[in-house]
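# sequence first, then the predicted structure, then my questions.
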Amino acid sequence: MPLNETPRKAAPGRARVLVTRRVFPDLLEQLCQQFDVADNQEDAPWSTTELASRLQGVHGVLVDPARRVDAQLLADAPQLCAVSNVAVGYNNLDLAACTHAGIVATNTPDVLTEATADHAWALLMAAARRVVESDRWTRAGNWQGFALDAFLGAEVHGATLGILGMGRIGQAIARRAQGFSMPVIYHNRTPLALSPDAGTAPPVARWVGKDELLASADFLIVLVPYSPATHHLLGASELAQMKPGSVLVNIARGGVVDDAALVAALRLGRPGAAALDVMENEPKFDSELLPLDNVVLTPHIGSATRSARRGMVKLAMANLADVLQGKRPRALLNPDVWEKRRVYVHK
Ligand code: DGY
């Protein structure tokens, strides 16, 4: 029987859980010890209609960040008590709708911080030193010999790193910058009291206004969460404020950067290069990005190390189990719901 057709262990009195994407089999097995689990090992994302029908009688659901969970979907899930997002970003969840329906929503902070910071650096370095462009060129058989002016890139060491949205991941990125002797500036709505994290020293970073950030950063990494307020936070006029030849890295969410404006700006060399792990309308992003040699693209894999992704799934499952067992979950997104939440009643 296909794993995604029916609960694997239908036992009376157990809560029903739906896992909407393929997850690590050993972790799924652990979930099956506690709950009646239906899953999607084929990993073809379900349509909203199909998901709504699969949610019938389900008490807890695990979703990925591409899955929109809104009032309409929740209205079709009268027994649902918990929505567990396997991501730290939760712009896909309508939290007000969850709270209104009495549904607890959770996410997966911390476990992906270092992996995502590493990927931000991988993108920065790749764009600065033209790694992908020169790899393509070399594979195409173009290399005739050493040249002093081949693929000249941007100097990373000692350059100014700008961070737009200094949260946990931004701080982990800033810590790494010390190894490159880079001054770090950042912009958040309010300056932070930066503090040690996980036994490490606090990052050295200076708060600046957004205009100064744009005008001073040689490398600008975007980390703000996506919301209506941050939609196209970097549009044509902001991109025009960036330094000629600077490098923009978006590892936050598509939509924070106006990708069409970015294409136009890259053609003008301001910024000089970009590296995007997330794009507007992904996976069907702006095809005008494709012919640009000064763009590095990765398919939303910022947290994609085995250990981080396992950590995310484990935390998402723990969040779900906590809620269904009446415990406050570790990463609760809508605390207002707690006293008036829908409770799974063990039958
Ligand atoms: C997140 O967690 O928000 C990432 O985008 C997925 O790893």
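All right, it came through fine. A quick note: this is a predicted structure, and the numbers were derived from the prediction, not measured. Residues are numbered from 1 along each chain as shown.

# can you list the buried residues in stretch 288-300?
In terms of neighbour count (16 or more other C-beta atoms under 10 Å), stretch 288-300 has its buried residues at 289, 292, 294-298, 300. The way it works is simple: take the backbone N, C-alpha and C, and place the C-beta from them, glycine included.

# cool, stretch 82-102 as well?
For stretch 82-102, the neighbour count (16+ other C-beta under 10 Å) marks 82-95, 97-99, 101 as buried.

# could you work out the end-to-end span of it for me?
End-to-end distance for stretch 82-102: 9 Å, by C-alpha to C-alpha, to the nearest Å.

# pLDDT averaged over that stretch, what's the number?
The average pLDDT within stretch 82-102 is 98.

# quick check: which of the buried residues of stretch 82-102 are also close to the ligand?
87-89 (C-beta under 6 Å from any ligand atom).

# make a markdown table out of the buried residues of stretch 288-300 and add secondary structure.
Formatted as a markdown table, those follow (DSSP: H, G, I helix; E, B strand; the rest coil):
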| residue | secondary structure |
| --- | --- |
| 289 | helix |
| 292 | coil |
| 294 | coil |
| 295 | strand |
| 296 | strand |
| 297 | strand |
| 298 | coil |
| 300 | coil |
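
# mind picking the two most distant members of those residues?
294 and 300 (20.5 Å; C-beta to C-beta).

# out of the buried residues of stretch 82-102, which sit inside helices?
Taking DSSP state H, the ones among those that sit in helices are 95, 97-99, 101.

# am I right that residue 319 sits in a helix?
Yes - Residue 319 forms part of a helix when assessed by three-state DSSP.

# that one reaches residue 84, doesn't it?
Yes - contact criterion C-beta atoms under 8 Å: residue 319 and residue 84 qualify, at 4.8 Å.

# who touches both of those two?
residue 106 (C-beta atoms under 8 Å, 6 or more residues apart in numbering).

# quick revisit: which one of the buried residues of stretch 288-300 is nearest to residue 167?
The closest of those, once distances to residue 167 are taken by C-beta to C-beta, is residue 300, at 18.1 Å.

# hmm, that closest one is touching residue 253, no?
No - taking contacts as C-beta under 8 Å, residue 300 lies outside contact range of residue 253: 9.2 Å.

# find residues that contact each of those two.
Contact criterion C-beta under 8 Å, 6+ apart; residues shared by residue 300 and residue 253: residue 278.

# show me where the chain has strands.
Ranges of strands in the chain, per DSSP state E, are 16-19, 36-38, 60-63, 82-85, 104-106, 161-164, 184-187, 206-207, 219-222, 247-250, 273-276, 295-297.

# most tightly surrounded among those?
Looking across those with neighbours counted as mean count of other C-beta atoms under 10 Å, the highest average goes to strand 247-250: a mean of 30.

# where does the stretch 1-150 of the chain dip in pLDDT?
1-12 (pLDDT under 70).

# what sits closest to residue 117 if chain neighbours are left out?
residue 172 (3.6 Å; C-beta to C-beta, 6 or more residues apart in numbering).

# ends of stretch 81-101, how far apart?
Using C-alpha to C-alpha, first and last residues of stretch 81-101 are 9 Å apart.

# ignore what I typed, I meant stretch 34-49.
Note: stretch 34-49 ends 27 Å apart using C-alpha to C-alpha.

# redo the buried residues of stretch 288-300 as CSV? Include pLDDT and distance to residue 21.
Listed next are the buried residues of stretch 288-300 as CSV, based on pLDDT from 0 to 100; distance: C-beta to C-beta, whole Å:
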residue, pLDDT, distance to residue 21
289, 98, 26
292, 98, 31
294, 97, 33
295, 98, 28
296, 98, 26
297, 98, 22
298, 98, 19
300, 98, 13
